[in-house]
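Asks: how does the following fold in three dimensions:
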Amino acid sequence: DTEVNLKDLNDGTSVVEISVDLTRTTFAVAPLGWEKAEGDPGAGQIFMILKDGELAKVSKFTVGSGDLAVDGTVEFKAPGGDLKHIVFNKVKVGKTDMTGVMKPLPRGAWAASFGGKSFDVSSHWENRNKTETEAEKEKAKDGPKIQLSANFARVWLDDDRSIPEIKASFTREGDIWTRAKLTSTIGASKKNAFSLTIAPGKNGNRRLHIKADDAGATLKLFDYYENMLNGALDLKAEYNDSAPSRPLKGRLYIENYRIVKAPVLAKLASVASIVGILENLSGEGLRFLSLELPFTLDEGLLTLKDASAKSISLGLTASGNISMATDKVDIEGTFVPMYVINSFFSNIPVLGNLLSGGEKGGGVFAAAYTLKGPVKEPEVGINPLTVFAPGFFRNIFKIFKPGSRLPDVLGDPNEDSFDKPDSL
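Replies: From the prediction side, this is the model:
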């Protein structure tokens, strides 16, 4: 049902009030992850001002249904002219409570600025690893250029987790974010404790840089890993924007962190009968000096190559795949006890590579392990023939695996390099 009231004033101005019953309608507000089903109560109002029969302004519009409440104004450059801007004085739904402005730009582009008490992105976060259909990909490519700025006290990822004090600016062209700059106080009260930037590099490919003062809090918040405490995080990577899937290749560094109550690491230590590590994991945590993780992320598949974690008492290496879509892991590596002493011999040129099997981060004496299955509870396997065997012999045992070969103990001088952060 629709009701229209018209009031003419003496100066050629008319005021039009339109009230609409939205109960029978079905519509969605995709950016807010909100939908209205047919039959749900709802109402809308529009107050328009006309000058000599031309629309000059929408002095107020409102939409209400369920927990959705929106009101704002619309202004034009002149009566009957182009849109100047849309002002949202209130946008409330669920945990979202914000205000904002949208302004058209030349060539179909838009600029938007939103901020306020909170913004709920849980519907988008829940589907972050969803594989888009070809139709969805093509539709996204035709999207307008958008320049977006945001300033929120809190952004909700789900019912329990939220990002505090976000300030951000983004540029999206078609189906990709070409530029981004975001800061937050994740894990610490100080300004810019967390930062993320995306910007074009000299070769035209976008480069991603993430820094965090509290790696443990950051990884836990974004649901990547919950057993780390503290640590300084630095991630540098580059998108290959010339490839259709735009794979991301880079390295993650974390230094000075602790691992606590880690079931997978506990299983490895238990099989290797290293009691001290088990005690540390159940107490204040096992302190690690560094984590170096070279990776490639392509269409939801995270590939690790020669990743390594080092502490005084323990070292780990890892290579393999993690599926972000299925949460399945397939990784193999070595488990190195007494890392500082053990790795001393592996650092001897040529001889060290021979003794350690040519594996980056591997010690002379170590155990080969595998992780397979669900990310949170994978099956842990240790090859009994390799437990604390010299690296050369571990590689001999590996040749019985299909497709395996001995590594080049002198290394590959042509392998791509990626500069470490200055702090490391």
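
Asks: is residue 22 in contact with residue 65, as I believe?
Replies: Yes: the pair residue 22 / residue 65 is scored as a contact, 6.1 Å apart, by Cβ atoms under 8 Å. Where C-beta positions appear, they are placed from N, C-alpha and C, glycine not excepted.

Asks: find residues that contact each of the two.
Replies: Applying Cβ atoms under 8 Å, 6 or more residues apart in numbering, one finds that residue 22 and residue 65 are jointly contacted by 36, 42, 43.

Asks: can I get those residues in a markdown table with pLDDT, secondary structure and neighbour count?
Replies: Below are those laid out as a markdown table (pLDDT from 0 to 100; DSSP: H, G, I helix; E, B strand; the rest coil; neighbours: other Cβ atoms under 10 Å):
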| residue | pLDDT | secondary structure | neighbour count |
| --- | --- | --- | --- |
| 36 | 93 | strand | 19 |
| 42 | 96 | coil | 19 |
| 43 | 96 | strand | 14 |
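
Asks: nearest to residue 192, of these?
Replies: Looking at these and their distance to residue 192, the nearest is residue 36, at 39.2 Å (Cβ to Cβ).

Asks: any idea what that closest one is bridged to?
Replies: residue 27 (DSSP bridges).

Asks: and residue 44, that's in a helix?
Replies: No: looking at residue 44 with DSSP: H, G, I helix; E, B strand; the rest coil, it is strand, so not inside a helix.

Asks: what's it in contact with, if anything?
Replies: Contact analysis of residue 44 by Cβ under 8 Å, 6+ apart lists 19, 20, 22, 61, 62, 63, 64.

Asks: report pLDDT for it.
Replies: If you check residue 44, the pLDDT there is 96.

Asks: beta partners of it?
Replies: residue 20, residue 63.

Asks: what about it, distance to residue 123?
Replies: 23 Å (Cβ to Cβ, to the nearest Å).

Asks: farthest pair within the contacts of residue 44?
Replies: 22 and 61 (12.8 Å).

Asks: touching stretch 75-83 from outside, list them.
Replies: Counting by Cβ under 8 Å, 6+ apart, 50-52, 54-58, 74, 84-85, 87, 104 sit against stretch 75-83.

Asks: now, among the residues you listed, which is nearest to residue 200?
Replies: For those, the nearest to residue 200 is residue 104 (25.0 Å; Cβ to Cβ).

Asks: isn't the closest one right up against residue 112?
Replies: No: Residue 104 is beyond contact range of residue 112, at 10.2 Å (criterion: Cβ under 8 Å).

Asks: these two - which one has more neighbours?
Replies: Ranked by neighbour count (other Cβ atoms under 10 Å), residue 104 and residue 112 place residue 112 first, with 18 against 15.

Asks: list the contacts for that one?
Replies: Contacts of residue 112 by Cβ under 8 Å, 6+ apart are 100, 101, 102, 103, 146, 147, 148, 149.

Asks: output these in CSV, with secondary structure, neighbour count and pLDDT appended to each entry.
Replies: As requested, these are exported to CSV (DSSP: H, G, I helix; E, B strand; the rest coil; neighbours: other Cβ atoms under 10 Å; pLDDT from 0 to 100):
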residue, secondary structure, neighbour count, pLDDT
100, strand, 20, 98
101, strand, 15, 98
102, strand, 18, 97
103, strand, 15, 97
146, strand, 17, 95
147, strand, 17, 97
148, strand, 18, 97
149, strand, 16, 97
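
Asks: right, and out of the residues you listed, which lies closest to residue 246?
Replies: residue 146 (18.4 Å).

Asks: how about the host helix or strand of residue 114: buried residues?
Replies: Taking DSSP states H and E as the criterion, residue 114 maps to strand 110-120. Neighbour-count burial for strand 110-120, with 16 or more other Cβ atoms under 10 Å as criterion, is recorded at 111, 112, 114, 115, 116, 118, 119, 120.

Asks: host element of the residue nearest to the fourth one when sequence neighbours are not counted?
Replies: If you skip the residues right next to it in sequence, residue 115 has residue 151 as its closest partner in space, 3.7 Å away by Cβ to Cβ, 6 or more residues apart in numbering. The secondary structure element spanning residue 151 is strand 146-156 (assigned by DSSP H and E).

Asks: quick one, that strand and strand 110-120 angle?
Replies: Strand 146-156 runs at 10 degrees relative to strand 110-120, counting by axes from the mean of the first three to the mean of the last three Cα atoms, to 10 degrees.
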